[in-house]
Each structure stands twice: as structure tokens, then as C-alpha cells.
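Student: this one's sequence-less:
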């Protein structure tokens, strides 16, 4: 591996990375950037095989070693099976990027039922727990690991009419902070990348007035891109970030600077 300060920054040669929910949007760019940094990358998807194969073809164009792994990241058996498959195809997972998500409809608090709160926690708390449990043994054995949660600025902002999503992101943040302290003695870092509103495919139908209102609040006066988030993730996955843990790196053009 490249040693910190050797002159070759943010390389991941020889590392195996799993990026959940990575065949579109932010996850796809994170997978591509990790591959360009030298990692062997497993792309994960759950349902849309055609879209997943198109994204995987793009990944293979920049990565000599990659894998497309189908798996429901909220199901314990599916997670175990998927991680075992990745170990067989690419090797044990060194870098775990927790990016998988589900729809987050904007509703008044009383319009959410408890089942929806549970669904949010399944993706943002249960899923990270299952995946970390599947990867930690190897990370501890080699005394090196990177766990990166893709969270959101909504937790810092307390965004209204997203209470279920914000509550789940709060749980994910607490999980990351606690495990960062617990795993640091093993050479494993746990950090969070917290994007602002980064327009991707699922935002195609957002009204222009909503877009304009958000952008007017961003000090950098531009939209963030998936590559902005991916670059931050590559840094946190690198050797150079080995003394950075338990931190939230906001990628939002200053939107949460108070």
C-alpha cells in the first residue's frame, strides 16, 4: 500500500471496496472514483438489473477488477450471501461505503405511520449494522479498515416534513460516532459524508421554484455534483485519512455553516 506522504495521494491500490446502492446517482460516482483510485470495487443493487448492468459496464471501462453484486442490504441472509460472493470474486472487503437508500417523501409528521419510520431505520441503521458485522472480522484481523456512511445535511438542519428520514439519519450518525471510538484501536476509521441536495436521477421531477429556493441558500452559489461527494469519499477511504475518524464531512457548498 502507498504510505502517507509518499507523494501518491489518495490511492487505494490493492483494496477491495463495496459501495451499496451504487448503480445510479451518488453511489455510481463513488464506485467509479474508488475504481479510478485503484480499488477493486463491488457495485451493489437490489432490483433493476438492466440499469445495474449498464452501470457495471461503465465501471468495467475504468476498473480491471470489479463485480456486480445483487443484494437486499436490509436482509441479514442477503447481506451475508452478497459479502461472501464479493470475498470470492474480489477478496475481503477493506472499504465499506454505506450509500443505499430508499424514497424519502416529504410529508407532514402526522401523515407518516410507524411502519414508514421503521422502513427508514431499516435502510439507515439496520443495513449499516448488518454490513459492518459482515466486514469487521477481516478489518480487525488486518488492523485496517474504512467505513464511510453517506448521510445527509438534513440531520444538521432538522429539515421539516422529513421527520422519519431525519430521525433515521440521526440514528445512523449516532451509530457512526460510537463505532468510530470503539473501532479506532483496531486501525478502522468510521466517518460520514453528508451531502446537501445533489441533483441526481430521482430529483428529475422536482419543481423549479424548489430548486431555485435551495440554490439561493448555498454560499458557493452552485449545485454540488456526485463527483464532489465521490472525491470526499475517496479521501476518507485513503491511507492519508487514517487519523480522521468519527467526523462528518459536509459536502454542500457551505449550506450548513452557521
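Tutor: That came through fine. These numbers were taken from a predicted model, which means no experiment stands behind them.
Student: give me the contacts around stretch 242-252.
Tutor: Stretch 242-252 is contacted from outside by 4, 151, 153, 156, 173, 176-177, 180-181, 183-184, 187, 189-198, 218, 224, 228-229, 232, 236, 256, using Cβ atoms under 8 Å, 6 or more residues apart in numbering. Placement of C-beta: from N, CA and C, glycine included.
Student: of those, keep whichever come out buried.
Tutor: Taking 16 or more other Cβ atoms under 10 Å as the criterion, what is buried in those is 151, 153, 156, 173, 176-177, 180, 183, 189-198, 218, 224, 228-229, 232, 236.
Student: show me the residues you listed that map onto helices.
Tutor: The helices, defined by DSSP state H, take in 156, 173, 176-177, 180, 183, 228-229, 232, 236 from the buried ones among the contacts of stretch 242-252.
Student: below-threshold pLDDT in the stretch 101-250 of the chain: ranges please.
Tutor: Regions of the stretch 101-250 of the chain meeting the criterion pLDDT under 70 cover residues 202-204.
Student: give me the pLDDT value at the residue lying closest to residue 60 once chain neighbours are set aside.
Tutor: Residue nearest to residue 60 in three dimensions, not counting chain neighbours: residue 66, with 5.6 Å by Cβ to Cβ, 6 or more residues apart in numbering. Note for residue 66: predicted pLDDT of 97.
Student: thought residue 66 was touching residue 57?
Tutor: No - between residue 66 and residue 57 no contact is recorded; they are 10.0 Å apart, counting by Cβ atoms under 8 Å.
Student: the more surrounded of those two?
Tutor: Legend: neighbour count by other Cβ atoms under 10 Å for residue 66 and residue 57, higher for residue 66 (22 against 10).
Student: look up how far residue 39 lies from that one.
Tutor: The gap separating residue 66 from residue 39 is 9 Å, by Cβ to Cβ, to the nearest Å.
Student: show me where this structure has strands.
Tutor: 16-19, 40-45, 66-70, 95-98, 145-150, 188-195, 248-251 (DSSP state E).
Student: now those strands as CSV including distance to residue 214?
Tutor: What follows is those, written out as CSV (distance: least, Cβ to Cβ, whole Å):
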stretch, distance to residue 214
strand 16-19, 26
strand 40-45, 28
strand 66-70, 33
strand 95-98, 25
strand 145-150, 19
strand 188-195, 13
strand 248-251, 15
